[in-house]
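Chemist: need a structure here:
(3 chains)
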Amino acid sequence: MPELPEVETVRRGLAPVMEGAVITAVEARRADLRFPFPERFAERLAGRRIAAMGRRAKYLTADLDDGTVLVMHLGMSGSFRIEVTGESSLPGVFHHDRSKQAAHDHVLFHLDHPNHGKVRAIYNDPRRFGFMDLIARSGFDQHPFFRDLGIEPTGNALSADYLAARFAGKRTPLKAALLDQKLVAGLGNIYVCEALHGAGLSPKRLAGSLTTKNGRPSKHLAPLTDEIRKVIARAIEAGGSSLRDHRQADGSLGYFQHQFAVYDREGEPCPKPGCGGTVRRIVQSGRSTFHCPSCQR
DNA sequence: ATCATGACCTGTTAGC
DNA sequence: TGCTAACAGGTCATGA
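Modeler: Residues are numbered from 1 along each chain as shown, chains lettered A, B, ... in the order given. Here you go, the predicted structure:
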C-alpha cells in the first residue's frame, strides 16, 4: 500500500498520541510478519517512553527513551489505527467496527499518554509483508535497513546534478531507476508513474540517456526533480492515496487518488492540456506502468 | 556488477 | 450467481 506520502501520513497521525506516551504493554499476536519479531519484542518495549515518531523513506520509526529505535515497515497492506480505551478526549478519533478489521490485527501497542490518557495503536496487515524490528539509535545509519538508502525526495538533496550522477551509464529504464530505493528512497509505483507523466518523460527511456557525455544533467532532469518534489508534496498534503485500505490514523481516507493523472487510468484521455493522447498500461519489471505515449517521450 | 524475475501472502475484482 | 485468474501501494533472493 504505502509509499512515502502514505507512510508520512501515518506518522503524522500517530505522532500526537505516541510522542510522549509510555508503552504500557505490547501484544504481538503472532511470531512473525514478513520476518520474525526480534527476541523479547514485547518485553523490550514495555515501560519505554516514546520520544519522537520519525520516518526514513518508507520506514516508520519510534525513538525510545533507552536509545533503541522501533522500526516499522508497512509492506503492501499495513496500516495503523488509533483507539481510545478510556474516557480519553481525542477529537475525531476513529470509531470503527472492531469486528471488521480484527482479523489481521497483528500488533497492539497499549499506550498511556500524558494528555490523551489510555490509547491503543493497532497494526493491521492482511498480506503480512510489513515487519518490525528494534535497533540501536547509535547504529541507525549503518543498519542494513538504512545503510544503502538513497536521498529523500522531499529535501534539498534531490537535484538534477544528483540524478545525473546516479543515472550516468545506467541502462535500466527510467521507471525502474526511480523505483530503486538506493537512488531516491520512498518513491513507489504510483508516484513514479505520476512524476514521469508530469515531466513528459517515457518510463521506457534509459536512465543513462538523461545525462550528457561528461555526466552533466540533460535539460530533462530539472523538470523531473521538480515533478517528483511536487507530486510527493501534494500527495502528503492530501493525506496520501487510498486505493483499497490506506487510511489516515484517525480513520479518514487519503484523497490524492482523485488527482492521479495516469495511475490506474488505463484507457482514459491524457489529462495534459492539448495532448489528446490515451493513458496506456504496460508492464515493466513485472509491475504495471501507466503512461501517456503521446506526451511522454 | 547490473538487471529482470519470481517469491512472499491475502484480498478484491474482472471476466467467463 | 459462481468460479478462476489476474492483480495489488514493497522488498528480497535468485540467476542470467
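Chemist: just the CA trace of stretch A:132-149, in CSV.
Modeler: Extracted C-alpha coordinates of stretch A:132-149, given in CSV (Å, rounded to 0.1, in the frame of the first residue of the first chain):
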residue,chain,number,x,y,z
MET,A,132,9.1,-4.5,12.8
ASP,A,133,12.5,-4.5,14.5
LEU,A,134,14.4,-2.9,17.3
ILE,A,135,17.7,-1.4,16.6
ALA,A,136,20.2,0.9,18.3
ARG,A,137,19.9,4.7,17.6
SER,A,138,23.7,4.9,17.6
GLY,A,139,24.0,2.5,14.7
PHE,A,140,20.9,3.6,12.8
ASP,A,141,22.6,4.9,9.7
GLN,A,142,24.8,1.8,9.4
HIS,A,143,22.0,-0.6,9.8
PRO,A,144,21.3,-2.8,6.8
PHE,A,145,17.8,-1.3,6.5
PHE,A,146,19.2,2.2,6.0
ARG,A,147,22.8,1.9,5.0
ASP,A,148,22.2,1.8,1.3
LEU,A,149,19.1,4.0,1.0
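Chemist: so does it get close to DNA strand C?
Modeler: Yes: counting by CB under 7 Å from any atom of the strand, contacts between stretch A:132-149 and DNA strand C involve residue A:145. Quick note: C-beta positions are derived from backbone N, CA and C, even for glycine.
Chemist: quick one, domains of chain A?
Modeler: Chain A breaks down by automatic domain parsing into domains covering A:4-147, A:160-291.
Chemist: could you dump those domains into a markdown table with mean neighbour count added?
Modeler: Converted to a markdown table, the domains of chain A look like this (neighbours: other CB atoms under 10 Å):
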| stretch | mean neighbour count |
| --- | --- |
| domain A:4-147 | 17 |
| domain A:160-291 | 18 |
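Chemist: distance between stretch A:149-166 and the chain's centre?
Modeler: Chain-centre distance of stretch A:149-166: 17 Å, with CA atoms, centre = their mean, to the nearest Å.
Chemist: is DNA strand B contacted by that stretch?
Modeler: No: contact between stretch A:149-166 and DNA strand B is absent, the nearest approach being 10.1 Å (criterion: CB under 7 Å from any atom of the strand).
Chemist: could you export the domains of chain A as JSON lines, including mean pLDDT?
Modeler: JSON lines is the format used below for these (pLDDT from 0 to 100):
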{"stretch": "domain A:4-147", "mean pLDDT": "91"}
{"stretch": "domain A:160-291", "mean pLDDT": "93"}
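Chemist: as CSV, those domains with distance to residue A:297 would be great.
Modeler: CSV is the format used below for those (distance: least, CB to CB, whole Å):
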stretch, distance to residue A:297
domain A:4-147, 27
domain A:160-291, 6
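Chemist: could you pull out the helices in the stretch 101-250 of chain A for me?
Modeler: A:144-147, A:160-167, A:174-179, A:189-199, A:221-237 (DSSP state H, counting those that start in this stretch).
Chemist: residue ranges of the strands in chain A, please?
Modeler: Remark: strands assigned in chain A by DSSP state E are A:22-28, A:50-56, A:59-64, A:68-73, A:79-84, A:105-113, A:117-124, A:131-136, A:280-284, A:287-291.
Chemist: closest to residue A:167 out of the ones you listed?
Modeler: Closest to residue A:167 of these is strand A:280-284 (CB to CB; 16.4 Å).
Chemist: so how far is the closest one off the chain centroid?
Modeler: The answer for strand A:280-284 is 22 Å, by CA atoms, centre = their mean.
Chemist: partners of it in the sheet?
Modeler: Sheet pairing of strand A:280-284 (DSSP bridges) gives strand A:287-291 (antiparallel).
Chemist: can you name the residues bridging to residue A:64?
Modeler: In beta-bridge terms (that is, DSSP bridges), residue A:64 pairs with residue A:50.
Chemist: so how far is DNA strand C from it?
Modeler: According to CB to the nearest atom of the strand, to the nearest Å, residue A:64 stands 22 Å off from DNA strand C.
Chemist: enumerate every residue touching that residue.
Modeler: A:45, A:48-51, A:70 (CB atoms under 8 Å, 6 or more residues apart in numbering).
Chemist: get me the contact residues on chain A for DNA strand B.
Modeler: Proximity of chain A to DNA strand B, by CB under 7 Å from any atom of the strand, involves residues A:34, A:77, A:103-104, A:126-129, A:170-173, A:176, A:244, A:284-286.
Chemist: which residues of chain A lie near DNA strand C?
Modeler: Listed as neighbours of DNA strand C in chain A under the rule CB under 7 Å from any atom of the strand: A:1-3, A:6, A:34, A:57-58, A:73, A:75-77, A:127, A:129, A:145, A:179, A:181, A:188-190, A:240-246, A:254, A:287-288.
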